[in-house]
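Novice: can't give you the sequence, but here's the structure:
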């Protein structure tokens, strides 16, 4: 009898500990979660995620422990009010009480890249909310534009492909003030936020350009 009582008490203690220690969704809205976020980058670039996709540090994606793959979430950093819309395609994080792992591009846009870990708000979006959150992406594509000479354009293209072999490149010639200029358009992004985040990554390599409508 004593042993049964001890087992019961131990079970209750474990249950309470788990319930208190794990981050929870806000009581008034099951679609909102507040807690710590971290990010993962180059070390995992190209590796398969739990969904079977390859992780791309330049994409707007994230890992979550329970949300279905394909779920769109809005992640906000309350310290600077920056937000990004991310697609869940991986499982994690499995460190401490962190609630989400965001891609490197997302971390830069949120302003948490240097800190590594920061408090965020995660909101699950339905279709109408996704459309509203990405409304700034109309027209539906943005690119990173760079102007160069023909020789510079060839070298720039080589460096961009070395940085990300999947990056789409569009090279076009035009005349500006009687001088031939080669414009290199790198990537096609579905939102201005995504293009700006990728441009921040290019800046570290000395390859940044200007975000423009595609």
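Specialist: Yes, it's here. Since the model is a prediction, treat every value here as computed from it, not as a measurement. Numbering: from 1, shown residues only.
Novice: domains for this structure, by residue range?
Specialist: In the domain annotation for the chain, the residue ranges read 25-132, 136-213 (automatic domain parsing).
Novice: Sheet-wise, list the partners of the strand of greatest length in the chain with their directions.
Specialist: Using DSSP state E to define each element, the chain has its longest strand at strand 179-189. Applying DSSP bridges to the sheet, strand 179-189 is found paired with strand 142-148 (antiparallel), strand 169-176 (antiparallel).
Novice: hmm, back to that, which one of the domains of the chain is the most hemmed in?
Specialist: Highest mean neighbour count among the domains of the chain (mean count of other Cβ atoms under 10 Å): domain 25-132, with a mean of 17. For glycine as for every other residue, the C-beta is placed from the backbone atoms N, C-alpha and C.
Novice: what's the model's confidence in it, averaged?
Specialist: Per-residue pLDDT values across domain 25-132 average out to 89.
Novice: from now on call the first residue 40
Specialist: Sure, I'll start counting at 40 from here, so that last one is domain 64-171.
Novice: where does the nearest residue to residue 209 once chain neighbours are set aside land on pLDDT?
Specialist: Nearest in space to residue 209, with sequence neighbours left out and distances taken as Cβ to Cβ, 6 or more residues apart in numbering, is residue 224 at 4.2 Å. Residue 224 is assigned 91 on the pLDDT scale.
Novice: Residue 244 now?
Specialist: The predicted local confidence for residue 244 comes out at a pLDDT of 89.
Novice: Which residue, other than its chain neighbours, is closest to it?
Specialist: Once flanking residues are discounted, residue 244 sits nearest to residue 202: 5.9 Å by Cβ to Cβ, 6+ apart.
Novice: For the one you found, which residues are in contact?
Specialist: Residue 202 makes contact with 241, 244, 246 under the criterion Cβ atoms under 8 Å, 6 or more residues apart in numbering.
Novice: circling back: compare the strands paired with strand 218-228 and give me the one nearest residue 118.
Specialist: Among the strands paired with strand 218-228, the nearest to residue 118 by Cβ to Cβ is strand 181-187 (25.9 Å).
Novice: how distant is stretch 132-140 from the center of its chain?
Specialist: Mean C-alpha position of stretch 132-140 versus that of the full chain (Cα atoms, centre = their mean, to the nearest Å) differs by 15 Å.
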